[in-house]
Every structure is written in structure tokens, then in C-alpha cells.
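In: what follows is a predicted structure for the sequence shown.
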Amino acid sequence: MKDVYKSLSETDRMFLPAQAVREFLDNRAIKIADMNETLSKKMNQSFQYVGSHPLLGELDEYKALEEQENNVREAIKAYQGEIKKTLKVIKSWGWNDPVSDMYHEILGGRVLSDEALNIQDIEKDLKRRNELNIPPGYKDKTKDENQAGDLLIWHEILLLAAEKKKHLVFISGDEKPDWWHQSGKKPLYPRFELVDEYREKSEGQSFHIISLSSLLELYNAEEEVVKAVKSSEDSVKFKTKQSLNSNSELAERALSPCVRIVVASVFHSIRQGAEVRHE
């Protein structure tokens with residue numbers, strides 16, 4: 001994954017919406033706390049053993065059982081010891097866990113600036129889109145907080161469209177109908193409103209959405225990495241299909257130097273706990 005990100009970054013083709021980074025920072029702390037709690041519970045859980053039964057003491061079968069139970073006790077002791085070591089490492093991370101370090105090293109300079117966005121204008125636009133069900137973001141209007149998250153990312157993309165005027169591939173795991181036209185509740189292709197809005201801002205360029213695993217496949221990442229990402233995407237029902245373009249056409253555009261690629265979901269791994277809701 002690092003090799004793919006590095007390649008895209010060094011050729012000025014990867015960009016991260018500031019809103020996605022903020023959401024990553026929020027989710028990172030929660031996810032690490034969840035991992036720590038899960039491991040702590042595993043270390044402290046009690047195991048049930050057969051225990052002493054003098055009546056059975058002379059049976060060869062029971063003696064074999066006791067021997068196996070002793071082996072289990074030693075194995076559990078070693079298991080808990082490794083959990084303890086792992087917890088110690090997690091607590092020592094602070095903000096320097098391996099994934100965050102990699103993101104900082106490779107992607108630190110790829111975060112888009114959203115200083116040009118006017119919060120009052122965003123609020124008005126959010127209200128308009130929610131009332132008229134205009135994508136993106138209207139599916140979040142019932143949320144208690146961060147209703148404007150998707151819309152902030154979209155406005156950052158539109159700023160990039162106006163600046164670069166290039167085809168754009170948005171890396172996202174969001175399958176909601178305010179991003180996709182759907183068939184049988186499955187994503188079919190990006191909402192035409194988004195495609196048209198991007199086309200207008202970029203003066204005729206195209207907008208696509210693919211999953212992180214699809215991006216990694218296009219750039220020939222290791223098969224194990226692609227499988228791991230796909231598994232995580234599947235586990236949260238974020239297996240995103242590609243847009244109307246055929247695989248070959250999309251691959252040609254994604255690999256072309258003229259394409260600007262926005263990656264808002266590169267923080268996928270830590271959000272799923274193994275190593276980014278995708279945005």
C-alpha cells in the first residue's frame with residue numbers, strides 16, 4: 001500500500017480532503033481504544049478446567065487428560081503474556097503507530113486546503129441539498145453530528161476540479177444512494193448529479209468512484225494486501241463496484257498521468273482495526 005501511495009504522491013496525483021483527515025483522527029483514537037479494550041478482556045478472561053477428581057486418579061485416560069490440561073495451562077499463560085506485551089506496545093504508540101507514521105511520511109503534504117470554503121455557504125448548500133435530496137450527503141441529514149461531512153469532502157473535490165481540470169477517481173467505500181445509483185440495493189454507477197457537477201467545475205472532465213481494493217489492484221499491489229483490504233471492505237458492506245466505464249477503460253484512465261486521484265479512504269486500515277466508515 002505504501003508503494004502505491006508513494007507512486008501517486010510523487011507524481012502529484014493523490015489528494016486527501018481535509019475533512020477525511022479530520023475524520024480519520026477522530027476514528028483513530030476510538031479504534032485504538034477498542035483494540036486495547038478487546039485485548040485486555042482476552043487477557044483477563046477465565047478458562048474452565050476439568051479440575052481434580054480423586055476417583056479418576058488411577059485411570060490412564062484421566063492421567064492423559066491431566067497432562068493435556070497442564071499443557072493448556074502453560075499455553076494460556078504464554079498467550080496472556082503475549083497479549084500483555086502487545087498492550088504495552090499499543091500504549092507506547094501515542095500518535096506514532098506504524099500506520100499513522102506511514103501516512104505522515106507519504107501523505108503529509110497531500111492534504112487539500114479547505115480554507116477557501118465558506119462555512120455559511122456550506123450550511124446553506126447542506127440545507128438545500130437535504131430539502132431536495134440532492135447528492136451528496138442528504139442521507140446523513142438524520143445524524144446527530146457531522147451531517148456535513150460528505151458535503152465538505154465534495155466541495156473540496158470541486159475546488160480541486162476547478163484548479164486541476166483533470167479526470168478524477170474518488171476512492172471511497174460509501175455505498176449510500178446519495179453517492180450511487182443503485183440496482184437491487186447495490187451500487188451501479190455514480191449519481192449523475194455528481195458526475196455533471198464535477199464535469200461543469202472541471203470544464204468537461206470525468207468523475208469516477210472505485211474502492212480502495214480496486215485501486216490497489218490497478219497498481220498491481222501484492223495479492224495478500226488486496227485480499228486483506230477486500231475482506232475488510234466486505235465486513236462492513238463497503239464492496240464498491242466501478243462506474244459505467246469498463247475495467248480496461250477505467251484502468252487506462254486511472255494509470256494515465258493526466259488523471260488526478262482523490263483518495264479519501266486511504267485511512268481504511270486503521271479504521272477497521274487491523275492496521276478507513278470509508279469516505
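Out: On my side now, so go ahead.

In: got the buried residues for the host helix or strand of V229?
Out: Taking DSSP states H and E as the definition, one finds V229 inside helix 223-235. For helix 223-235, the neighbour count (16 or more other C-beta atoms under 10 Å) marks 225-226, 228-230, 232-233 as buried. (C-beta placed from N, C-alpha, C; glycine too.)

In: and the residue sitting furthest away from the middle of the chain, which of the three is it?
Out: Centroid-distance maximum for the chain: E58 at 57.8 Å, with C-alpha atoms, centre = their mean. Following DSSP: H, G, I helix; E, B strand; the rest coil, E58 is assigned to coil.

In: what of N220?
Out: For N220, the secondary structure call by three-state DSSP comes out as coil.

In: still on that earlier bit, relative to G173, which of the buried residues of helix 223-235 is nearest.
Out: Closest to G173 out of those is E233 (5.7 Å), distances taken as C-beta to C-beta.

In: double-check the closest one against D174; I have them as touching.
Out: No: E233 lies out of contact with D174 (C-beta atoms under 8 Å); the separation is 11.2 Å.

In: H167 and Q205 touch, don't they?
Out: Yes: if you go by C-beta under 8 Å, H167 and Q205 touch, sitting 5.0 Å apart.

In: need the phi and psi values for the residue farthest from the centre of the chain.
Out: Per-residue torsions, E58: phi -90, psi -10 (degrees, to the nearest 10).

In: any idea how far it is from E66?
Out: Going from E58 to E66 by C-beta to C-beta, to the nearest Å gives 12 Å.

In: repeat for Y219
Out: Using C-beta to C-beta, Y219 is found at 56 Å from E66.

In: again with L126
Out: Counting by C-beta to C-beta, the gap from L126 to E66 is 67 Å.

In: repeat that for L16.
Out: In terms of C-beta to C-beta, L16 sits 58 Å off from E66.

In: so between those two, which is more surrounded?
Out: The residue with more neighbours, out of L16 and E66, is L16; 26 against 18, by other C-beta atoms under 10 Å.

In: wait, the more buried one sits on L107?
Out: Yes: here L16 reaches L107: they are 6.0 Å apart, a contact under C-beta under 8 Å.

In: three-state assignment of Y189?
Out: Assigned with three-state DSSP, Y189 falls in the strand class.

In: what's the answer for the one 5 residues further on, then?
Out: Classification of L194 using three-state DSSP returns helix.

In: grab the nearest non-local neighbour of it.
Out: Nearest non-adjacent residue to L194, counting by C-beta to C-beta, 6 or more residues apart in numbering: P135, 5.7 Å away.

In: for the one you found, phi and psi?
Out: Dihedral pair for P135: phi -70, psi 160, per degrees, to the nearest 10.

In: just the pLDDT at the residue farthest from the centre of the chain, thanks.
Out: Looking at E58, its pLDDT is 86.

In: what segments of the protein are helices?
Out: If DSSP state H is used as the criterion, the helices of the chain fall at 2-10, 18-44, 60-93, 98-107, 119-132, 149-164, 192-201, 212-218, 223-235, 247-255, 268-271.

In: where in the chain is pLDDT low?
Out: Applying pLDDT under 70 to the chain flags the ranges 140-146, 236-279.

In: could you measure from F207 over to W93?
Out: Taken as C-beta to C-beta, the span from F207 to W93 is 37 Å.

In: between the two, who's got more neighbours?
Out: Taking neighbours as other C-beta under 10 Å, F207 and W93 compare with F207 leading, 22 against 13.

In: pull the number of nearby residues for the residue found closest to the more buried one once you drop the neighbours it is linked to in the chain.
Out: Leaving aside its sequence neighbours, F207 sits nearest to Y198 (C-beta to C-beta, 6+ apart; 3.7 Å). The local packing of Y198 (other C-beta under 10 Å) involves 23 other residues.

In: for S46, see how far away Y198 is.
Out: Y198 sits 57 Å away from S46, going by C-beta to C-beta.

In: next: S231.
Out: Distance of S231 to S46, computed by C-beta to C-beta: 31 Å.

In: and what of L59?
Out: Between L59 and S46 the computed distance is 27 Å (C-beta to C-beta).

In: please say which of those two ends up with more neighbours.
Out: Neighbours were counted for L59 and for S46 using other C-beta under 10 Å; L59 has more, 12 against 5.

In: residue contacts, Y198?
Out: For Y198, the residues meeting the contact criterion (C-beta atoms under 8 Å, 6 or more residues apart in numbering) are 157-158, 161, 168, 205-207.
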